[in-house]
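Enquirer: dropping the sequence and predicted coords here.
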Amino acid sequence: MSFLVTSFKTPIGTLNLLADDQVLIGANLSTISAFKVNQEIKTVRNITVISDLISDYFDGDLSAINAIKVRQPGATFSQAAWKSMRKVIAGKVISYADLAEKAGSPAAVRAAGSACANNAIMLVVPCHRIVKTGGALGNYAYGVDKKEWLLGHEGFL
């Protein structure tokens, strides 16, 4: 079976999605070619359920993306950090230090930042909800302006 890929316009740019059936395995604002997979990719108009839920998110149903199943490869700490990110509700943020603690290793603040940087499923694994201690936004792979837009859309900013 091949992976499914689609792209669509959003207020923050063209969002590319990669799925294995109904499990999202990649989401980015760069290019489809950025998805590094060793399997056939089939381009589709939309990915059933996933595309609709992401559209619902951009239409204002901020919790819609919580229903999307995700999977990405990574080390044990990264897996714990990504799982913890998904528990941060729209309109809220936590610090990298908080993320490290929630992921089970309070001293691993830099590793928490790395988990954000290596997150292959932007938006749905909401690394944009992780900020610096003290509230400064910190970095974002697609630019701080995109992070600001997402946090504004979610009612934080």
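Expert: Noted; the coordinates are in hand. Residues are numbered from 1 along each chain as shown.
Enquirer: what's the neighbour count on residue 73?
Expert: Using other Cβ atoms under 10 Å, residue 73 has 9 neighbouring residues. All C-beta spots, glycine's among them, are computed from the backbone N, C-alpha and C.
Enquirer: what about it, distance to residue 19?
Expert: Look at residue 73 and residue 19: by Cβ to Cβ, to the nearest Å, they are 15 Å apart.
Enquirer: quick check: pLDDT value at residue 48.
Expert: Residue 48 is assigned 92 on the pLDDT scale.
Enquirer: contact partners for it?
Expert: residue 22 (Cβ atoms under 8 Å, 6 or more residues apart in numbering).
Enquirer: try residue 148
Expert: 137, 157.
Enquirer: can I assume it sits in a helix?
Expert: Yes: remark: residue 148 belongs to a helix, assigned using DSSP: H, G, I helix; E, B strand; the rest coil.
Enquirer: quick one, what contacts the residue most central in space within the chain?
Expert: With distances taken as Cα atoms, centre = their mean, residue 122 lies nearest the centre of the chain, 2.4 Å away. Shown in contact with residue 122 (Cβ under 8 Å, 6+ apart): 27-29, 128, 141-142.
Enquirer: if we go to 7 Å?
Expert: Contact analysis of residue 122 by Cβ atoms under 7 Å, 6 or more residues apart in numbering lists 27-29, 142.
Enquirer: need these in TSV with distance to residue 92, can you?
Expert: Shown next, in TSV, are the contacts of residue 122 (distance: Cβ to Cβ, whole Å):
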residue	distance to residue 92
27	21
28	24
29	22
142	20
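Enquirer: please indicate which of those are buried?
Expert: The neighbour-count test (16 or more other Cβ atoms under 10 Å) marks 27-29, 142 as buried among these.
Enquirer: mind giving me the domain ranges of this structure?
Expert: 3-69, 74-153 (automatic domain parsing).
Enquirer: what's the most buried one of the ones you listed?
Expert: Sort the domains of the chain by mean neighbour count, taking mean count of other Cβ atoms under 10 Å, and domain 74-153 sits at the top with a mean of 18.
Enquirer: which non-adjacent residue is nearest residue 69?
Expert: What sits nearest to residue 69 in space, not counting adjacent residues and going by Cβ to Cβ, 6 or more residues apart in numbering, is residue 23, at 4.7 Å.
Enquirer: I appreciate the help and will end here.
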